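Asker: Pasted the sequence and its predicted model underneath.
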Amino acid sequence: MGEVIVGSEAIASGLVTRHELQRWYSRIYPNVYAPKGRALTLRDRTIGAWLWSKREGVITGVAASALYGAQWVDDDVPIEMLWNCTRPPPGVVVRNERVDDDELTWACKLPVTSVARTAFDLGRYLPRGQAIARLDALMRVMPFSAEEVLMLAKRYHGARGVKQLRARLPLVDGGAASPRETRLRLVYIDGGLPKPSTQIPVFDEDGQPVRILDMGWEEFRVAGEYDGDQHRTDRPQYVKDMRVMRTLARLGWIVDRVIKEDSDAAALERARAALISRGWKP
């Protein structure tokens, strides 16, 4: 025991008896079970959803991006599948949409949409900020070209959300290392600042690496960094960061360290002021 199983198949094959199924397993989807007490991972739920579809569904969306290795995906996100079903169980989203053979592949022994088709679906169905963050995360582990995705937009020109997808693709950047970094980048762009570069390497006078900055404008030596909680929980890392920041200042960089308590307006205004001080003309 220990795997996600189809209840009727397990009984028929002699893997478990009906009594053992009821005693040792919990139902996660109709006729699909996992061992009792098991903390279900996203992979468990994805396998379960596919088994529930009688092994006919194709995983897409956020769950597919996780199978490709995209990070920042919680275990309880809805499992999206391309399949024909009008009443999926809670936690499963089914779309009866056309999908061609060149949009299908396998990942982690499960049928999934290709990287381009996964991006196509992510960019259409999620709210703008979430969509771009998910696309950033997918791009980071499985680089794809906007042209490939736009070819699908042309193939399915009448599909839901294609217009939004076209507007979002130019904003995708695999350099974002977290959804918070994506959000900060969009704050800058939506606020009228030049589109920042991401993952900017900085070297000292001797050519030694100093830091890779989250995002910024190399021409003006202005950068924005999103600070997580490590400065509160990891003292050695905090001390190291402080020393690096002093080196960056000596090298002429203005680095704004944004924390989650900052308002978007405050972060935007600091970046704008820094750019203007370096000669940027709004």
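Answerer: Noted; the coordinates are in hand. Residues are numbered from 1 along each chain as shown.
Asker: Could you use CA atoms for every contact and neighbour count after this?
Answerer: Noted.
Asker: Residues contacting stretch 254-264, please?
Answerer: Stretch 254-264 is contacted from outside by 184, 187, 221-228, 245, 248-249, 267, 270-271, 274, using CA atoms under 8 Å, 6 or more residues apart in numbering.
Asker: All the helices of the stretch 51-200 of the chain, residue numbers only.
Answerer: Secondary structure of the stretch 51-200 of the chain by DSSP state H, counting those that start in this stretch: the helices cover 61-67, 115-125, 128-141, 146-155, 162-168, 179-190.
Asker: Kindly present these as TSV, with separate columns for mean neighbour count, distance to residue 256 and mean pLDDT.
Answerer: Listed next are the helices of the stretch 51-200 of the chain as TSV, based on neighbours: other CA atoms under 10 Å; distance: least, CA to CA, whole Å; pLDDT from 0 to 100:
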stretch	mean neighbour count	distance to residue 256	mean pLDDT
helix 61-67	26	31	98
helix 115-125	25	30	98
helix 128-141	23	21	98
helix 146-155	15	30	98
helix 162-168	17	26	98
helix 179-190	20	11	98
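Asker: Narrow the contacts of stretch 254-264 to just the buried residues.
Answerer: Among those, those buried by neighbour count (16 or more other CA atoms under 10 Å) are 184, 187, 221-226, 245, 248, 267, 271, 274.
Asker: ok, and the helix or strand in the protein with the lowest average confidence?
Answerer: Using mean pLDDT, DSSP states H and E, the weakest-scoring helix or strand in the chain turns out to be helix 230-233, at a mean of 61.
Asker: Show the average pLDDT along the next helix-or-strand element following that one.
Answerer: If you walk from helix 230-233 toward the C-terminus, the next helix or strand you reach (DSSP states H and E) is helix 235-250. For helix 235-250, the per-residue pLDDT values average out at 88.
Asker: quick one, longest strand in the chain?
Answerer: With DSSP state E setting the assignment, residue counts place strand 209-217 as the longest strand in the chain.
Asker: got a list of contacts for the helix or strand following it?
Answerer: The helix or strand immediately downstream of strand 209-217 is strand 222-226, counting by DSSP H and E. The contact list for strand 222-226, computed with CA under 8 Å, 6+ apart, reads 180-181, 184, 213-217, 253-259, 271, 274-275.
Asker: what about strand 222-226, average pLDDT?
Answerer: Per-residue pLDDT over strand 222-226 has a mean of 96.
Asker: what does stretch 32-49 give?
Answerer: The predicted model assigns stretch 32-49 a mean pLDDT of 97.
Asker: Can you list the neighbours in contact with it?
Answerer: 1-7, 24-29, 51-52, 59, 63, 67, 74-77, 79, 92, 110.
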